[in-house]
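Chemist: no sequence for this one, just the structure:
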């Protein structure tokens, strides 16, 4: 789950990482109130989960309430690369002497945590990585050892941060690492990390991605879930605990396992169709989950046929079949289903479907993934 | 022969008294796996359809001589369960649990490397391992796997995706090709066992004559495997990578983009494998067909 900048800064604050005084605003009046609280001059920043908002005019400096009104009015509702601005973050403007980059993530190849630190922050860090890779210090951290202050300070030395920024940077790195590990982040990034003329080091931006698997030990994350950017289909899926991503095509997809779901999209594409979604019902899905999945698919008006691709391991064929029968009794599905069912208890599942007396115009079974894909794509073309 | 497990493997099931543990543990036993004990803290002395349950892995190992464990406990408890098995000297631990936080996985993996180098972890979030006719640990439906023949040629399977592992087994069975061992390494960020670990074992296994590899988008495990294949795998291979048309996954921001360095797309992975001499299919069925051609030529 990706956080907005203001949420990231609030999350940073939980770990004592210095951020600018500020507040979130949904209206122009709230923006003025936030500015009064933060103290002028302030920066009015569009809250969207996409890069390049500064260039798009989504970040403005304001010296007084009139300027806040002007900029907040312009930015709220602005469309930045398809993201409509609904929230602003208004914070006290910082004096900037230098800009750095710092992040922690998991290096999957090394199976260790990775600190990246550079004295060349504030710009596109990919560009720095391309043009001057030496300018980015990469330090692997064993998750069992963690990061101590001396190691963090040495990394700042290696990144050629100036002497007077070293202690402040080391302090922030240790705190950011705690936020990354104890806070269960996939990514905790500060760009830019700034040095003020007063010598303080400070997080001017926050990019935080949370590991949703760890939600069980972070009740504070519930506040973030409420602002997650989801379309109507995705919201319905989320309420039902399904892994769903909306797409543009006409064949609704339900599969068990992320790999098979991706593969199902590929095969539909290869036989000339387009998938309306990615939907993984996960391992061990029961009848309720399958029924919920069908309801989500049915909600999508663009769906002309539904391809259910199940290879049971932990998921049992008879549960899948019961779910389909139940869903057909519960909701009026607009599109016909093509199912391919294999694996654990598949025969029992196929028998349940056959015995349910569902007309072939609404549900048909195909022996292989490719056959089922062709049938689903053909049906989508007819409807 | 087979890799990691064989007909003599003695298995304990951690979480045998729970829903998933009982269902799959008993299915594993029905398949012929030597399931010698279950472990559930507080339920020592009970039994599950004749399988004795112990309070701890150490007690179960002492009583039965078990050398492998199947961890089927919820995400909150799984990290401790894996480390408990390792501390009790279990050499091979299969964890099917889905939804373990990445930070916990990273800590568990590096703790095993440091404190328990004799323990191999398979998973988490994997379907397990099956050596058809000998041993099945995990959630794979055993009947979809064809046992290897004495003279071969037999195929080894290594896969990052659970359900595509079954698909691969199914494709080979349809074509009458025996499988030496099928390993599902799981798709989590920090798998205990990776492609290269399995490829090295398959290369050394006299019963394995060819190898199918199933990958998916994200990370760089397939690209690393391709490098290893080019340098160290002499057996013929086919492969499939899921996710050619998948939407861009989790945004990992700038940091992720730098770590991957452009790696991670399905096309990049397919190109890397093809360059290493692997025959790459556009879907699981095609990978199976390519393997049938490879086997026919052996």
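Modeler: All right, it came through fine. Predicted, not measured: the structure shown is a model, and the values here were computed from it. Numbers count the residues shown, from 1 in each chain, chains lettered A, B, ... in the order given.
Chemist: low-scoring pLDDT stretches of the chain, where are they?
Modeler: Reading this off chain A. For chain A, the stretches with pLDDT under 70 are A:283-284, A:383.
Chemist: should've been chain B
Modeler: Ranges of chain B meeting pLDDT under 70: B:1, B:247-263.
Chemist: And for the residue of it at minimum distance from chain A, the neighbour number?
Modeler: At 2.3 Å from chain A, residue B:161 is the closest residue in chain B, using CB to the nearest CB. (Each C-beta comes from the backbone N, C-alpha and C, glycine too.) Residue B:161: 30 surrounding residues under other CB atoms under 10 Å in any protein chain shown.
Chemist: now the one 4 residues further on
Modeler: The criterion is other CB under 10 Å. On that basis, residue B:165 has 36 neighbouring residues.
Chemist: Now do the same contact list for the residue of chain B closest to chain A.
Modeler: Residues near residue B:161 by CB atoms under 8 Å, 6 or more residues apart in numbering or on different chains: A:257, A:258, A:259, A:260, A:262, A:263, B:184, B:187, B:214, B:216, B:242.
Chemist: can you list the residues of the stretch 1-150 of chain B near chain A?
Modeler: Proximity of the stretch 1-150 of chain B to chain A (CB under 8 Å from any CB of the partner chain) is limited to residues B:20, B:24, B:75-76, B:96, B:98-104, B:106-107, B:109-111, B:114, B:127, B:138-141, B:144.
Chemist: Just the buried residues of the residues you listed.
Modeler: With burial judged by 16 or more other CB atoms under 10 Å in any protein chain shown, the buried subset of those is B:20, B:24, B:75, B:96, B:98-104, B:106-107, B:109-111, B:127, B:138-141, B:144.
Chemist: Show me those residues that map onto helices.
Modeler: Counting by DSSP state H, those place B:20, B:24, B:102, B:103, B:104, B:106, B:107, B:109, B:110, B:111 in helices.
Chemist: So which residues of the stretch 151-300 of chain A form helices?
Modeler: Using DSSP state H, counting those that start in this stretch, the helices of the stretch 151-300 of chain A run over A:163-182, A:222-225, A:232-239, A:258-270, A:287-299.
Chemist: residues of the fourth one that come out buried?
Modeler: Within helix A:258-270, the residues that count as buried by 16+ other CB under 10 Å are A:258-270.
Chemist: touching chain B at all, that helix?
Modeler: Yes - for helix A:258-270, a contact with chain B is found by CB under 8 Å from any CB, at A:258, A:259, A:260, A:262, A:263, A:265, A:266, A:267, A:268, A:269, A:270.
Chemist: and which of those is nearest to chain B?
Modeler: Chain B lies nearest to residue A:259 out of the residues of helix A:258-270 next to chain B, by CB to the nearest CB, at 2.3 Å.
Chemist: I'd like the distance from stretch B:176-184 to the chain centre, please.
Modeler: Its chain's C-alpha centre and that of stretch B:176-184 lie 12 Å apart, by CA atoms, centre = their mean, to the nearest Å.
Chemist: which residue is nearest the middle of chain B?
Modeler: residue B:184 (2.7 Å; CA atoms, centre = their mean).
Chemist: Contacts only, for residue B:6.
Modeler: Neighbours of residue B:6 in contact, by CB under 8 Å, 6+ apart: B:131, B:134, B:135.
Chemist: Excluding residues flanking it in the chain, which one is nearest the second one?
Modeler: Spelled out, that is residue B:134. Leaving aside its chain neighbours, residue B:134 sits nearest to residue B:7 (4.2 Å; criterion: CB to CB, 6 or more residues apart in numbering or on different chains).
Chemist: Redo the helices of the stretch 151-300 of chain A as JSON lines? Include distance to residue B:57.
Modeler: Listed next are those as JSON lines, based on distance: least, CB to CB, whole Å:
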{"stretch": "helix A:163-182", "distance to residue B:57": "27"}
{"stretch": "helix A:222-225", "distance to residue B:57": "36"}
{"stretch": "helix A:232-239", "distance to residue B:57": "37"}
{"stretch": "helix A:258-270", "distance to residue B:57": "30"}
{"stretch": "helix A:287-299", "distance to residue B:57": "32"}
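Chemist: most neighbours per residue, which of these?
Modeler: Using mean count of other CB atoms under 10 Å in any protein chain shown, the stretch among those with the greatest mean number of neighbours is helix A:258-270 (a mean of 27).
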